[in-house]
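Visitor: build me a model:
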Amino acid sequence: MSKELRDSLRKLTTPNGNAYSKVCTVDSVDLVNLTCYCIPINEDADITEVRLMANIDNGFLLIPEVDSIVVVSFLSDSSAYVSLVSKVSEIQLNGTNYGGLVRITELVSKLNNLENAFNQHITLYNLHTHAGVTSGTSTTSPVVVADTQTLTPTTEIDLENETVLHGNGN
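Guide: Coordinates of the predicted model:
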């Protein structure tokens, strides 16, 4: 084998030691293959099949919004991945089997509504009397059964884990 042929083959098979990145606009996202099609803002050639995650499995996945700005980093001349995202349409942590994150404000509001309704029922129950039922010395005094069973309103601090934070997408 000639030296020229050997050098040419070595050049083709040697990893790109000069890694680089390009700022692009996302044209489309392929959620089946977890790739996107990107258009460099410097008007270089479009970049197809840009990876959205290191390996196609249940890891950490940021899905960029179409028309958002991303930074595409190159592992080699033919392999690139999204390294930075300006707008995210979805985040997946270890797959999608368990649903979304809890919206703490809405959860606290729903729990407080249930707690208040429960406490109102306890109050009404304790105030309720039946004619002809005696309790103590009077036939009209209420029978207090559940006055120690009222619920304390839930607060965000009771439920919130501030290790993972999220917004409403705006």
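
Visitor: name the nearest residue to residue 30, sequence neighbours excluded.
Guide: residue 36 (6.7 Å; C-beta to C-beta, 6 or more residues apart in numbering). From N, CA and C alone the C-beta is placed, and that goes for glycine too.

Visitor: bridge partners for the residue nearest the centre of the chain, pull those for me.
Guide: Centroid-nearest residue in the chain: residue 91, 4.7 Å away (criterion: C-alpha atoms, centre = their mean). Judged by DSSP bridges, the bridge partners of residue 91 are residue 62.

Visitor: quickly note the distance from it to residue 115.
Guide: 31 Å (C-beta to C-beta, to the nearest Å).

Visitor: quick check: what element follows the helix or strand containing residue 4 along the chain?
Guide: If you go by DSSP states H and E, residue 4 is part of helix 3-13. With elements assigned by DSSP H and E, the helix or strand that comes after helix 3-13 is strand 21-30.

Visitor: could I get the CA-only coordinates of the longest helix seen in the chain as CSV?
Guide: Counting by DSSP state H, the longest helix found in the chain is helix 104-127. Output in CSV follows, covering the C-alpha atoms of helix 104-127 (Å, rounded to 0.1, in the frame of the first residue of the first chain):
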residue,chain,number,x,y,z
ILE,A,104,-47.1,22.9,43.0
THR,A,105,-49.3,25.9,43.1
GLU,A,106,-52.2,24.1,41.5
LEU,A,107,-51.7,21.1,43.7
VAL,A,108,-51.7,23.2,46.9
SER,A,109,-54.8,24.9,45.8
LYS,A,110,-56.7,21.7,45.1
LEU,A,111,-55.5,20.2,48.5
ASN,A,112,-56.6,23.4,50.3
ASN,A,113,-60.0,23.1,48.7
LEU,A,114,-60.4,19.5,49.9
GLU,A,115,-59.1,20.4,53.4
ASN,A,116,-61.5,23.3,53.7
ALA,A,117,-64.4,21.2,52.5
PHE,A,118,-63.5,18.5,54.9
ASN,A,119,-63.2,21.0,57.8
GLN,A,120,-66.6,22.5,56.9
HIS,A,121,-68.2,19.1,57.0
ILE,A,122,-66.7,18.4,60.4
THR,A,123,-68.0,21.8,61.7
LEU,A,124,-71.5,21.1,60.3
TYR,A,125,-71.5,17.6,61.7
ASN,A,126,-70.5,18.9,65.1
LEU,A,127,-73.3,21.6,65.0
